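**Q** I'd like to go over a predicted model; first the sequence, then the structure.
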Amino acid sequence: MEYDFSDCTLCPRNCHADRTASVSLSGSGQENPYGFCGQSSLITAARASLHMWEEPCISGNSGSGTVFFSGCNLGCVFCQNFEIAHGNCGKNISTERLSDIFLELQERRANNINLVTPTHFVPQIIDALTLAKRNGLRIPIVYNTSSYESVGTLRSLDGLIDIYLPDFKYVSSSLSNKYSHAPDYFEKASLAVEEMVRQTGEPLFYTETGNTLSADEYDDKALLGRGTIVRHLLLPGCLEDAKAVVKYLYRTYGNRIFISMMNQYTPLRHVSGYPELNRKVTSKEYNELIDYAVSLGVENGFIQEEDTAAESFIPDFNCEGI
């Protein structure tokens, strides 16, 4: 896909950054010239492996074939993948190499290809997917995102993405501004999810024997072949906004989406400037959110067991598989 990386507007930040510049920042004291995401036009990825910790219908028994891209266009202060989001690790690869990675993950019996934080590399991903599909890529493609997306960028993916796996982090603009420097988050995320649901339609699942199941027929052994799962990570002290997120999603989409409510928030060292975030979510907070979702009528959803908050959910970004 042809794209002018010298004037980048792939995401709602609209940085107009020149991501084609060749700049060495080592010891220079310069700010990163590549815009908010901090990435040049070269694909940078930090890990490609089978991942077992997604929702059961994504990971299944053999794992989701995750590709973790470096950089991020949202930059939450509490980021659980801080190392890669801030571009502190990763390896530059070509479009052809990315295409090969997709095929290698399929050969390892991945249930799907899971593109994690892909927004700022969408043009190259389109080319890599097109090439991989030409060379035999058959498994579903998952787009795993913060939802801080431009609708135009998402539309360029129409027909290539089978499953959208977006976060929906906030309704409150004060929270989104404080923790993600994005006061317009709800506006942009709501439009983005609307486009995702338009592309994927009603959820469809399949069994190991190849039978197709609707959302009403889904069981815990089925894998998602098409659809949208919207995640919400409950943050400490943000229960009321979490309820607002679930209410908005259910009132807007009903059973056309699955809502995944997560309690795995882990306070890492970089939240030291935000003492209210420097603790785990309590069982009381999380159970109240689940009870609220049930009271609204939410049936298509995922919840996590207690004590899931742990750094073990955070992979080692050592360029495995890259």
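**A** Arrived safely, thanks for sending.
**Q** for this protein, what spans make up the helices?
**A** Per DSSP state H, the chain carries helices over the ranges 56-59, 82-85, 95-107, 122-134, 151-155, 173-180, 185-200, 239-253, 283-296.
**Q** now do the longest one: distance to the chain's middle.
**A** Remark: helix 185-200 is offset 13 Å from the chain centroid, using CA atoms, centre = their mean, to the nearest Å.
**Q** check the third one too.
**A** Between the centre of helix 95-107 and the centre of its chain there are 19 Å (CA atoms, centre = their mean).
**Q** got it, and the fifth one?
**A** Between the centre of helix 151-155 and the centre of its chain there are 15 Å (CA atoms, centre = their mean).
**Q** what packs against that helix?
**A** helix 185-200 (3 or more CB pairs under 8 Å, 6 or more residues apart in numbering; DSSP states H and E). (Each C-beta comes from the backbone N, C-alpha and C, glycine too.)
**Q** repeat that with 10 Å
**A** helix 122-134, helix 185-200 (3 or more CB pairs under 10 Å, 6 or more residues apart in numbering; DSSP states H and E).
**Q** now the helices of the chain in JSON lines, with mean neighbour count and mean pLDDT?
**A** Formatted as JSON lines, the helices of the chain follow (neighbours: other CB atoms under 10 Å; pLDDT from 0 to 100):
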{"stretch": "helix 56-59", "mean neighbour count": "21", "mean pLDDT": "96"}
{"stretch": "helix 82-85", "mean neighbour count": "21", "mean pLDDT": "82"}
{"stretch": "helix 95-107", "mean neighbour count": "18", "mean pLDDT": "98"}
{"stretch": "helix 122-134", "mean neighbour count": "19", "mean pLDDT": "98"}
{"stretch": "helix 151-155", "mean neighbour count": "16", "mean pLDDT": "98"}
{"stretch": "helix 173-180", "mean neighbour count": "17", "mean pLDDT": "98"}
{"stretch": "helix 185-200", "mean neighbour count": "20", "mean pLDDT": "98"}
{"stretch": "helix 239-253", "mean neighbour count": "18", "mean pLDDT": "98"}
{"stretch": "helix 283-296", "mean neighbour count": "15", "mean pLDDT": "97"}
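**Q** export the ones you listed to JSON lines and tack on distance to residue 49?
**A** Listed next are these as JSON lines, based on distance: least, CB to CB, whole Å:
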{"stretch": "helix 56-59", "distance to residue 49": "12"}
{"stretch": "helix 82-85", "distance to residue 49": "13"}
{"stretch": "helix 95-107", "distance to residue 49": "8"}
{"stretch": "helix 122-134", "distance to residue 49": "17"}
{"stretch": "helix 151-155", "distance to residue 49": "26"}
{"stretch": "helix 173-180", "distance to residue 49": "27"}
{"stretch": "helix 185-200", "distance to residue 49": "25"}
{"stretch": "helix 239-253", "distance to residue 49": "30"}
{"stretch": "helix 283-296", "distance to residue 49": "28"}
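**Q** out of those, nearest to residue 319?
**A** Across the helices of the chain, residue 319 has its closest neighbour in helix 82-85 (10.5 Å, CB to CB).
**Q** name the surrounding residues that touch that closest one.
**A** 37-38, 44-47, 68-76, 79, 88-90, 116-117, 146, 268-271, 314-317 (CB atoms under 10 Å, 6 or more residues apart in numbering).
**Q** buried subset of these, written for PyMOL?
**A** Command for PyMOL that selects the buried part of those, burial taken from 16 or more other CB atoms under 10 Å:
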select buried, resi 37+38+44+45+46+47+68+69+70+71+72+73+74+75+76+79+89+90+116+117+146+268+271+315+317
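**Q** for stretch 86-101, measure first residue to last.
**A** 23 Å (CA to CA, to the nearest Å).
**Q** do stretch 129-146 as well
**A** OK, stretch 129-146 end separation, CA to CA: 21 Å.
**Q** run the chain-centre distance for it.
**A** Using CA atoms, centre = their mean, the offset of stretch 129-146 from its chain centre is 15 Å.
**Q** kindly report the same for stretch 95-111.
**A** 19 Å.
**Q** picking that back up, redo the helices and strands packed on helix 151-155 as JSON lines? Include distance to residue 254.
**A** Below are the helices and strands packed on helix 151-155 laid out as JSON lines (distance: least, CB to CB, whole Å):
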{"stretch": "helix 122-134", "distance to residue 254": "29"}
{"stretch": "helix 185-200", "distance to residue 254": "11"}
